[in-house]
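1. Please find the sequence and the predicted model below.
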Amino acid sequence: MDTYCVLGNPVEHSKSPWIHARFAQLTNQQLEYGRRLVPLDGFADAVRQLRADGGRGCNVTVPFKFEAFDLAHERSARAELAGACNTLKFDGERIYGDNTDGFGLVSDIEGNAGIALRGRDVLLVGAGGAAAGVLGPVLEARPARLVIANRTVDKAVAVVERHRELAARVGVDLRASSLDAIEGRFFVVVNATATSMTGAGVPIAPGVLAEGALAYDMMYGPAAQGFLDWARAHGAQARDGLGMLVEQAAESFQLWRGVRPPSAQVLAELRASLA
Ligand code: ATR
């Protein structure tokens, strides 16, 4: 049977095996999807082993997305822009690398939450791997203005520079900002920092939220709670990243199997199972 898995460290709480097993059931695909805990210095070995075991591809999570990018012989344009891969497909001797995180975020906001990004002002908080990984697809959704705000402004500036050409091509006003000098109000505010996890609190002022704004945390579970509570306390709609997780998985599944799984149904089931 065709085998896939998620490689990461940590990986034991990953929902990907459950999501992909459900996708396979619902689309009548014969496949197995597992999880492998990879030692921090063992990513290339883990990929070699998976291929030796007959694996057809894998998802890659923290902290190996940059190494996955380096291992790929060929990459999608969105992976090139992200500088990181969350999905590998094994094609004989060749490894194809993709990044479906940004697609997952945009699909969840637009498809599941029903909020079109086109023409909107969007704020992305954070400029680490998580933020850089989604910026290309967010730009391609053509918001009017996209501000990247980060504690370390230089990192936001570097991420903006890397996306300058794409922003010009799609006609988006793309800017970097510090956290305490964010100008204007935003209809969509995405938290791509891990501040809830560090107990540091929300690093932006509530004045950035426009009337009826969506405040989105790319994490889910306890890691997203601080940001979501803050958003609700200031009148915003709050949404966690569980839908992003399911939608990025759906895009990986499509790449591997050529079939689009019913992601909205699987998201509803996953949410119900966690409630
Ligand atoms: P990830 O892969 O999850 O993005 P990362 O690359 O380490 O992880 O990035 C973490 C992000 O959270 C960065 O934007 C970081 O800000 P800096 O670039 O200034 O480090 C942000 N972050 C982490 N702790 C923070 C805090 N206490 N306040 C504000 N931002 C924080």
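-> Arrived safely.
2. Can you tell me which residues in the stretch 101-250 of the chain are near the ligand?
-> For the stretch 101-250 of the chain, the residues in contact with the ligand (Cβ under 6 Å from any ligand atom) are 126-131, 150-152, 155, 193-195, 198, 200, 203. Where you see a C-beta, it was placed from the backbone N, CA and C, and this is true even at glycine.
3. make it 5 Å
-> Taking Cβ under 5 Å from any ligand atom as the criterion, the neighbours of the ligand within the stretch 101-250 of the chain are 126-130, 150-152, 155, 193, 195, 200, 203.
4. Residue 110: which of those is nearest?
-> Among these, residue 130 lies closest to residue 110 (Cβ to Cβ), at 19.1 Å.
5. Go ahead and confirm the closest one touches residue 217.
-> No: judged on Cβ atoms under 8 Å, residue 130 makes no contact with residue 217 at a distance of 10.6 Å.
6. Mind checking which of these two has more residues around it?
-> More neighbours surround residue 217 than the other of residue 130 and residue 217, with 28 against 22 (other Cβ atoms under 10 Å).
7. which residues does the more buried one contact?
-> 190, 191, 196, 223, 224, 227, 228, 238, 239, 240, 241 (Cβ atoms under 8 Å, 6 or more residues apart in numbering).
8. mind checking the longest strand of this protein?
-> Longest strand of the chain, by residue count under DSSP state E: strand 209-217.
9. Give me the buried positions along the next helix-or-strand element following it.
-> Downstream of strand 209-217, the next assigned helix or strand under DSSP states H and E is helix 222-233. Buried residues in helix 222-233, counting neighbours by 16 or more other Cβ atoms under 10 Å, are found at 223, 224, 226, 227, 228, 230, 231.
10. returning to what we had before: out of the contacts of residue 217, which is nearest to residue 179?
-> Nearest to residue 179 among the contacts of residue 217: residue 191, at 11.6 Å, using Cβ to Cβ.
11. For the stretch 1-150 of the chain, which segments are assigned as strands?
-> 2-8, 31-37, 55-60, 74-75, 87-91, 94-98, 121-125, 145-149 (DSSP state E, counting those that start in this stretch).
12. Compare those and give me the one nearest residue 23.
-> Of all the strands of the stretch 1-150 of the chain, it is strand 31-37 that lies closest to residue 23, at 8.6 Å by Cβ to Cβ.
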